[in-house]
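**Student:** Let me see the structure of the following:
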Amino acid sequence: MGTALAGCGGVVPRCIFLKASPDPPIVHIVSTGYQQIVPPVVNHPRDIADADITLLSVQALIPLLKSRQITSQTLVEAYIQKIKKVNPALNAVVRDRFDEAREEALRADVLLSQQREQTIPLLTGIPCTIKEAFAVRGMPQTSGLVGRQGQVAEQDAPCVHRLRQAGAIVLGVTNVSELCMWMESANKVYGRTNNPHDTRRIAGGSSGGEGAIIGAGASLFGLGSDVGGSIRMPAFFNGVFGHKPSSCIVPNEGQFPGTVGRASHYLTTGILCRYAKDLMPLMSILATPAPDENKKQLLQWPDSSPVDFAKITVVDIPGNGMNKVAPDVRQSQARCAEHFRSLGAKVVTREFKLLKKSFSFWAAHMSLADEIPFGTLMGQGQRISVAKELARWLVNQSDHTFPAIMLALLEQMPVSSKQKKNYVDQSLELKNQVEEAMGPQGVLLYPTFPTVAPRHNAPIFKLFPWVYTAIFNALEFPATSVPLGLNKNNLPLGLQVVSRWGADHLTIACACELEKRFGGWSIG
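**Tutor:** You can find the predicted model right below:
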């Protein structure tokens, strides 16, 4: 078992959401001044001595490890030292397993030296991090709920198992929002996670710990989950790539909270990483049934052959008509549309009036999915009294965060079954409109969020901008969050590329093309 890192363990401050406290001093985890990241080129052993191997992609590391030009022990130790350096300011990795990771790296090096290259699992010796909501054997799985403190996973979640069977080495688990249902990763178990570009700002949620540690360059890739934007918003705010796959092609089991039945169509498990070219091989590992699994999936992972952008339709959607998009976010998206036009794509700008109802559509789908009410999850089987918890929170006596209490209140707002069904029917109308606009080979360009990463606590006062991502959970579309460099304040810009169900290869191909044109992950 690993130990809690500095800044992660011990007594958690009661004032996770401050009412009248001054801003903490700004800390830039990454250097000031715009810098596009160019991974070092390693063509000869002498190049490795001069390279920072933590800047290499998964795709670049695989042949270096298999050819023994670098060792897993060296790579794992480099990432451990980076995590130790940045995590006290970020509070992203909430429990590490460094000693176990070092032992696994040693075993990986033995395997790499003894077996034929063709028989070695793809990710052998490559480190990663995992969202704390997933079961990782021997590690905590609280999902930020005080009542689950001491809960330790006895076995790996299926997707964790798939990554480890492929040879990946887990360095630790990362912070989440309480019960994974808010856009700021803060809870009364581990505290609050900060954005590496500006620690006064949110890292997103609920996979915010993953977004922050990857954005800081201290993790190569990570496992996240997304029921309303929990992969894509952290990816956007921290300037990395994040892919929410089409529904039902990756297993969701082994998470807490979990889903059953129809709700499993809205929750998806995916990847956050720094390089677009790593998305397809990593997602392929998650989407491919393991030899010891007999579950029949709705879709085998699609063909990853090159996409001819001259044959696709790109639908540029400026916004949802409800939450105003900031000029810098809109301009970066418009540049992407122009780039695809220069490649010969058919580019159209469209607005869809039904997008104004995105929250109602998402909420209706979720409420009709027969899930356990959020307030009942908070009370571990017994619905909390919102009034009592709010009173406790006001005197710093509640074990719950303010956003969680407000979400428990929001779900109690009366909406008739007839109205919910009407919203679902309208959402299907929106889905048909969007699919017709895209055609059989098309994508949407759409904001991931209407502004760059907000300050801590600010989302409490603007509850609904996250529906920019949530709507695609309700529609079950794949979506890839793509970083597009930094704005004048050195904060990440980006957008999400969306397509019809099963067309994940299109959104990922577009992400790779935009990375090539606009630089992708950057530090500033």
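
**Student:** make it CA atoms for all contacts and neighbour counts henceforth
**Tutor:** Fine.

**Student:** got any ranges where the stretch 251-400 of the chain has weak pLDDT?
**Tutor:** 288-304, 370 (pLDDT under 70).

**Student:** So which residues of it form helices?
**Tutor:** If you assign secondary structure with DSSP state H, counting those that start in this stretch, the helices in the stretch 251-400 of the chain sit at 279-287, 327-342, 358-367, 374-378, 386-394.

**Student:** JSON lines for these, including mean neighbour count and distance to His265?
**Tutor:** JSON lines is the format used below for these (neighbours: other Cα atoms under 10 Å; distance: least, Cα to Cα, whole Å):
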{"stretch": "helix 279-287", "mean neighbour count": "21", "distance to His265": "15"}
{"stretch": "helix 327-342", "mean neighbour count": "18", "distance to His265": "28"}
{"stretch": "helix 358-367", "mean neighbour count": "21", "distance to His265": "10"}
{"stretch": "helix 374-378", "mean neighbour count": "20", "distance to His265": "18"}
{"stretch": "helix 386-394", "mean neighbour count": "15", "distance to His265": "29"}
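
**Student:** what's the closest of those helices to Gln151?
**Tutor:** When those are ranked by distance to Gln151, counting by Cα to Cα, first place goes to helix 374-378 at 15.1 Å.

**Student:** what about Thr124, distance to Leu486?
**Tutor:** Distance from Thr124 to Leu486, counting by Cα to Cα, to the nearest Å: 33 Å.

**Student:** Could you do Leu106 as well?
**Tutor:** 38 Å.

**Student:** all strands for the stretch 1-150 of the chain, in order.
**Tutor:** Counting by DSSP state E, counting those that start in this stretch, the stretch 1-150 of the chain has these strands, from start to end: 35-36, 93-96, 127-131.

**Student:** still on that earlier bit, mind checking which of the helices of the stretch 251-400 of the chain is nearest Asn320?
**Tutor:** Among the helices of the stretch 251-400 of the chain, the nearest to Asn320 by Cα to Cα is helix 358-367 (8.1 Å).

**Student:** packing partners for the closest one?
**Tutor:** With contacts taken as 3 or more Cα pairs under 8 Å, 6 or more residues apart in numbering; DSSP states H and E, helix 358-367 sits against helix 417-438, helix 467-475.

**Student:** Need those helices in a markdown table (columns: mean pLDDT and mean neighbour count).
**Tutor:** Output for these, formatted as a markdown table (pLDDT from 0 to 100; neighbours: other Cα atoms under 10 Å):
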| stretch | mean pLDDT | mean neighbour count |
| --- | --- | --- |
| helix 417-438 | 97 | 16 |
| helix 467-475 | 98 | 25 |
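
**Student:** To Ser67, which of those lies closest?
**Tutor:** For the helices and strands packed on helix 358-367, proximity to Ser67 was assessed by Cα to Cα; helix 467-475 is nearest, at 41.1 Å.

**Student:** where in the stretch 51-200 of the chain is pLDDT low?
**Tutor:** Confidence mapping of the stretch 51-200 of the chain against pLDDT under 70 gives the ranges 51, 117.

**Student:** who's more crowded, Leu106 and Leu486?
**Tutor:** Leu486 (25 against 18; other Cα atoms under 10 Å).

**Student:** and of the helices and strands packed on helix 358-367, who's closest to Met378?
**Tutor:** Using Cα to Cα and comparing the helices and strands packed on helix 358-367, the one that lies nearest Met378 is helix 467-475, at 21.5 Å.

**Student:** how does this structure divide into domains?
**Tutor:** Domain segmentation of the chain under automatic domain parsing yields 53-291+298-373+411-523, 374-410.

**Student:** From the opening residue of the shortest one to its closing one, how far?
**Tutor:** Taking Cα to Cα, domain 374-410 runs 10 Å from one end to the other.

**Student:** Return the distance of that domain from the chain's centre.
**Tutor:** Taking the mean of its C-alpha atoms, domain 374-410 sits 26 Å from the chain's own mean (Cα atoms, centre = their mean, to the nearest Å).

**Student:** go on, the first one?
**Tutor:** Domain 53-291+298-373+411-523 sits 3 Å away from the centroid of its parent chain (Cα atoms, centre = their mean).

**Student:** Contact partners for the residue sitting nearest the centre point of the chain?
**Tutor:** Per Cα atoms, centre = their mean, the C-alpha nearest to the average position across the chain is that of Ile231, at 2.3 Å. Under the criterion of Cα atoms under 8 Å, 6 or more residues apart in numbering, the neighbours of Ile231 are 205-207, 224-225, 242-244, 270-272.

**Student:** what's the distance between it and Thr174?
**Tutor:** Taking Cα to Cα as the measure, Ile231 falls 13 Å from Thr174.

**Student:** hey, what's in contact with both of those two?
**Tutor:** Shared between the contact lists of Ile231 and Thr174 (criterion: Cα under 8 Å, 6+ apart) are residues Ser207.

**Student:** how many other residues sit next to Thr349?
**Tutor:** Burial of Thr349, expressed as a neighbour count using other Cα under 10 Å, amounts to 13.

**Student:** Does it touch Thr313 like I think?
**Tutor:** No - proximity of Thr349 to Thr313 does not meet the contact threshold set by Cα atoms under 8 Å, at 10.8 Å.

**Student:** surely Leu506 meets Ser499?
**Tutor:** Yes - under the criterion of Cα under 8 Å, Leu506 lies in contact with Ser499, with a separation of 7.1 Å.

**Student:** Which neighbours do those two have in common?
**Tutor:** Jointly contacting Leu506 and Ser499 under the rule Cα under 8 Å, 6+ apart are 442-443.

**Student:** in the stretch 51-200 of the chain, which spans are helices?
**Tutor:** Under the criterion DSSP H, counting those that start in this stretch, the stretch 51-200 of the chain carries helices at the ranges 58-66, 72-90, 98-114, 158-165.

**Student:** Looking at those helices, spot the one closest to Arg192.
**Tutor:** helix 72-90 (8.3 Å).

**Student:** Report the inter-axis angle for that closest one versus helix 98-114.
**Tutor:** Taking axes from the mean of the first three to the mean of the last three Cα atoms, to 10 degrees, one finds helix 72-90 and helix 98-114 inclined to each other by 150 degrees.

**Student:** Show me what helix 72-90 is packed against.
**Tutor:** Taking 3+ Cα pairs under 8 Å, 6+ apart as the contact cut, helix 72-90 packs with helix 98-114, strand 127-131, strand 194-195, helix 208-215.

**Student:** who touches stretch 74-85?
**Tutor:** Stretch 74-85 has contacts (Cα under 8 Å, 6+ apart) with 5, 53-54, 93, 98, 101-102, 105, 125-127, 171, 213, 217-219.
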